[in-house]
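*Asks:* generate a structure from the sequence data that follows.
(one chain, ligands or ions: 2)
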Amino acid sequence: MINMKIGIVLGTRPEIIKMSPIIDEIIENDHDYIIIHTGQHYDINMSRQFFNDLELPLPGYNIGIGSNTPLSQISIIINQLEEILIKEEIDILLVQGDTNAVLAGAISANKLNIPVGHVEAGLRSFDKEMPEEINRLVADNCSMLYFVPTHESAINLQNEGIDHENIYVTGNTVVDACQRNLEIALNNNKLEETIEYDDFILLTMHRHENVDNKERLTDIVESLVNLEHNIVLPLHPHTRGSLTKWGLLEKLEEAPNIQITKPLGYLDFLHLLSMSKLVLTDSGGLQEEAITLNIPCVTLRYNTERPETITAGGNILAGSNPEEIRNNIENILNNRQVYEKMSQARNPYGDGDSSKKILSIITKKYMQDKLKITSTNQIRDFKGYKLIQITDDTTIKEYEEKHEGHIVQQVFNKQIPEYIHPELKLENKTIIIKEFQKKKK
Ligand code: UD1
Ligand code: UDP
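*Replies:* Numbers count the residues shown, from 1 in each chain. Ligands and ions are numbered 1, 2, ... in the order given. Okay, here's the model as predicted:
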């Protein structure tokens with residue numbers, strides 16, 4: 001048995017869902033672990049239900065930050081994690097995604113010299129108004145291992161100067177969770193009996209930029225109550241709060257085409273999702289799950305850190321503009337060709353083996369004694385960046401072995417950036433290298 005201990009910090013429902021396949025792998029491979037729940041989501045149907053549905057062991061700790069200001073949430077987590085992480089003596093801390101748990105977990109571990117593995121690293125919306133964008137940026141700056149879902153997210157990290165040897169394209173564990181639980185979810189028919197419509201759009205929303213903005217939330221509600229399509233809305237508590245505050249909840253409740261449910265457990269939600277004909281959402285996870293299950297998606301945002309879904313043709317950004325929202329929905333649902341094209345979009349998030357890949361990378365690093373933050377004893381005199389045109393038939397690995405002190409930072413093939421990996425061929429490509437002084441012989 002390998003004597004490795006893995007720490008996992010999570011705090012919200014998407015983190016529980018996306019970490020669950022990794023926790024399963026850890027248990028299956030007999031590794032020691034500790035789950036630390038920040039308590040950001042605390043209602044039974046936002047947290048405990050997911051541990052039940054996914055048959056996960058309960059967390060060893062619950063920090064209980066609850067509904068607080070973001071700064072209070074982050075500072076309480078950091079404050080509590082110090083003692084927990086020192087006591088638990090873990091070899092690596094895993095964080096997932098872009099919530100406050102991720103920022104606080106990554107900083108805490110970093111300050112305690114514990115390596116951080118960021119699951120779903122490298123996503124960028126390039127919108128610093130989003131709390132999640134700052135969380136992602138900070139977490140990625142504190143991490144040692146980057147488990148990125150796609151080549152696009154790897155390139156984001158390369159652009160920020162992160163060395164390619166620490167970036168691993170693994171796919172997204174959301175696909176693992178979906179594949180492992182879909183059949184179980186579909187075998188439960190109780191949910192179907194509670195849904196009023198045969199034919200419906202699945203709507204979820206909870207993002208700060210939509211639900212904490214009265215004008216945007218009003219626009220979205222207006223666009224939906226007059227729609228000639230049925231909608232099922234499992235209502236996030238954050239959104240329920242804002243709708244109530246601004247007198248919009250009644251409008252939705254009275255609309256004959258809208259059925260509101262409480263937030264659903266994962267199995268019920270997966271079932272509902274697979275029954276839906278279109279997804280309308282501002283959720284990150286839903287954009288990924290929609291393309292995984294071949295359901296067209298309209299995203300209620302002006303940007304996305306999941307651009308692969310758009311490039312693949314399965315997702316469209318509609319923002320919060322009522323006309324834009326309605327036009328997109330009608331265009332997809334009234335045009336068979338558009339519908340089929342969107343539902344046939346290729347899933348960019350992998351084959352459902354992300355969690356196995358992630359754990360095997362961590363295990364390998366541990367066995368090689370590379371899961372350690374140590375002070376360097378090699379002089380690394382940075383000379384600067386250089387742009388080089390490659391004419392030889394060579395791979396990145398061969399190039400770096402031949403040119404000691406050169407680390408390939410970027411590769412451009414006819415001006416298009418490429419995802420860097422050791423076997424990538426460089427002939428006729430332009431590269432940017434970081435140059436360090438060669439070691440003196
Ligand atoms: C958080 C994450 C967001 C993620 C989402 C997943 C951050 C900055 N935000 O947003 O990235 O997409 O989780 O769902 O980390 N509430 C309850 N019960 C609960 C949890 C929340 O009633 O169990 C209500 C409270 O009124 C709370 C509000 O929802 O103030 C917002 O909760 P919070 O956890 O701060 O943010 P989310 O919108 O859930
Ligand atoms: N989800 C769920 N029940 C719901 C709504 C969503 O189980 O009522 C799941 C969904 O399948 C997805 C995840 O929650 O895996 C997405 O979480 P959310 O939208 O809250 O956060 P985000 O992905 O935007 O961070």
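
*Asks:* please, where are all the strands along the stretch 1-150 of the chain?
*Replies:* Using DSSP state E, counting those that start in this stretch, the strands of the stretch 1-150 of the chain run over residues 5-10, 32-37, 61-62, 92-96, 116-119, 145-148.

*Asks:* how about JSON lines for the ones you listed, with mean pLDDT added?
*Replies:* As requested, those are exported to JSON lines (pLDDT from 0 to 100):
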{"stretch": "strand 5-10", "mean pLDDT": "98"}
{"stretch": "strand 32-37", "mean pLDDT": "98"}
{"stretch": "strand 61-62", "mean pLDDT": "98"}
{"stretch": "strand 92-96", "mean pLDDT": "98"}
{"stretch": "strand 116-119", "mean pLDDT": "98"}
{"stretch": "strand 145-148", "mean pLDDT": "98"}
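
*Asks:* where does this structure have low pLDDT?
*Replies:* Within the chain, the segments meeting pLDDT under 70 span 440-441.

*Asks:* one more time with 80
*Replies:* Low-confidence regions of the chain, defined here as pLDDT under 80, cover residues 1, 438-441.

*Asks:* where along the stretch 1-150 of the chain do the helices fall?
*Replies:* 13-28, 48-53, 70-88, 100-111, 131-142 (DSSP state H, counting those that start in this stretch).

*Asks:* the fourth one near ligand 2 anywhere?
*Replies:* Translated: helix 100-111. No: Helix 100-111 lies out of reach of ligand 2 by CB under 6 Å from any ligand atom, never closer than 10.6 Å. From N, CA and C alone the C-beta is placed, and that goes for glycine too.

*Asks:* before we move on, the earlier item: format the strands of the stretch 1-150 of the chain as TSV; extra columns: mean neighbour count and distance to ligand 1.
*Replies:* Below are these laid out as TSV (neighbours: other CB atoms under 10 Å; distance: least, CB to the nearest ligand atom, whole Å):
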stretch	mean neighbour count	distance to ligand 1
strand 5-10	25	11
strand 32-37	21	12
strand 61-62	17	12
strand 92-96	27	11
strand 116-119	27	15
strand 145-148	25	18
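
*Asks:* leaving out the residues flanking it, which one is nearest to residue 86?
*Replies:* residue 112 (6.6 Å; CB to CB, 6 or more residues apart in numbering).

*Asks:* from what I can see the one you found touches residue 84, true?
*Replies:* No: with contact defined as CB atoms under 8 Å, residue 112 and residue 84 do not form a contacting pair (10.2 Å).

*Asks:* who's more crowded, those two?
*Replies:* The neighbour comparison of residue 112 against residue 84 (other CB atoms under 10 Å) goes to residue 84, with 18 against 14.

*Asks:* find the nearest non-adjacent residue to that one, please.
*Replies:* residue 61 (5.6 Å).

*Asks:* quick one: the one you found from ligand 2, how far?
*Replies:* The spacing between residue 61 and ligand 2, counted by CB to the nearest ligand atom, to the nearest Å, is 22 Å.

*Asks:* how much space between the closest residue to residue 206 other than its chain neighbours and ligand 2?
*Replies:* Counting by CB to CB, 6+ apart, residue 206 lies nearest to residue 236, which is 3.7 Å off, once chain neighbours are set aside. Distance check for residue 236 against ligand 2: by CB to the nearest ligand atom, it reads 6 Å.

*Asks:* kindly report the same for residue 234.
*Replies:* 3 Å.

*Asks:* same question, residue 122
*Replies:* 16 Å.

*Asks:* next, the contact list for that residue, please.
*Replies:* Taking CB atoms under 8 Å, 6 or more residues apart in numbering, we find residue 122 in contact with 140, 146, 148, 149, 153, 154, 156, 157, 167.

*Asks:* residue 19 versus that one, what's the distance?
*Replies:* Per CB to CB, to the nearest Å, residue 122 is found 17 Å from residue 19.

*Asks:* ok, residue 432 next?
*Replies:* In terms of CB to CB, residue 432 sits 35 Å off from residue 19.

*Asks:* so those two - more neighbours on which side?
*Replies:* Taking other CB under 10 Å, residue 432 and residue 19 do not tie; residue 19 has more neighbours (26 against 17).

*Asks:* residues touching the more buried one, list them.
*Replies:* 8, 10, 94, 96, 119, 173 are the contacts of residue 19 under CB under 8 Å, 6+ apart.

*Asks:* now do residue 211: how many residues are near it, please.
*Replies:* 21.

*Asks:* wait, it sits on residue 242?
*Replies:* Yes: taking contacts as CB under 8 Å, residue 211 lies within contact range of residue 242: 4.5 Å.

*Asks:* using the three-state scheme, assign residue 196.
*Replies:* Put simply, residue 196 is coil when judged by DSSP: H, G, I helix; E, B strand; the rest coil.

*Asks:* quick check: it touching residue 259?
*Replies:* Yes: between residue 196 and residue 259 there is a contact under CB under 8 Å: 4.9 Å.

*Asks:* anything in contact with each of those two?
*Replies:* With CB under 8 Å, 6+ apart, residue 196 and residue 259 have common neighbours 230, 232.
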